[in-house]
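Trainee: Below are the sequence and a predicted model; questions follow.
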Amino acid sequence: MNLSIVDDKLQIEFTLKEQLLAVRLNKLWQISLAHIVQVTTAEPESNWRELRAPGSFRP
């Protein structure tokens with residue numbers, strides 16, 4: 001994944017592997033900087049209960 005800022009837009013360019021994992025064929029996404037509220041580099045907290053597997057959802 002390549003991140004860059006072009007003309008007041010965040011431009012995200014995905015690799016082929018990332019496109020296949022996301023089930024999206026768009027290689028390039030552009031997001032207006034005005035729509036971005038917060039950015040962080042901290043890794044999100046996670047645990048084994050957050051594992052998403054088909055048929056494992058409990059309301």
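Mentor: Thanks, I have the structure now. Numbering: from 1, shown residues only.
Trainee: close enough to count as contact, Leu28 and Glu13?
Mentor: Yes. Leu28 lies in contact with Glu13 (Cβ atoms under 8 Å); the separation is 5.4 Å. Just so you know, the C-beta spots here come from the backbone N, C-alpha and C atoms, and that holds for glycine as well.
Trainee: Which one's more surrounded, the two?
Mentor: Ranked by neighbour count (other Cβ atoms under 10 Å), Leu28 and Glu13 place Glu13 first, with 13 against 9.
Trainee: was I right about that one contacting Gln19?
Mentor: No. Glu13 lies out of contact with Gln19 (Cβ under 8 Å); the separation is 10.1 Å.
Trainee: Give me the common contacts of the two.
Mentor: Taking Cβ atoms under 8 Å, 6 or more residues apart in numbering as the criterion, Glu13 and Gln19 both touch Lys27.
Trainee: Tell me the buried residues in the least confident helix or strand in the chain by mean pLDDT?
Mentor: Least confident helix or strand, the chain: helix 16-22 with a mean of 85, by mean pLDDT, DSSP states H and E. Going by neighbour count (16 or more other Cβ atoms under 10 Å), nothing in helix 16-22 comes out as buried.
Trainee: on contacts alone, who are the packing partners of it?
Mentor: Using 3 or more Cβ pairs under 8 Å, 6 or more residues apart in numbering; DSSP states H and E, no helix or strand is in contact with helix 16-22.
Trainee: got a list of contacts for it?
Mentor: For helix 16-22, contacts defined as Cβ under 8 Å, 6+ apart pick out 1, 14, 25-27.
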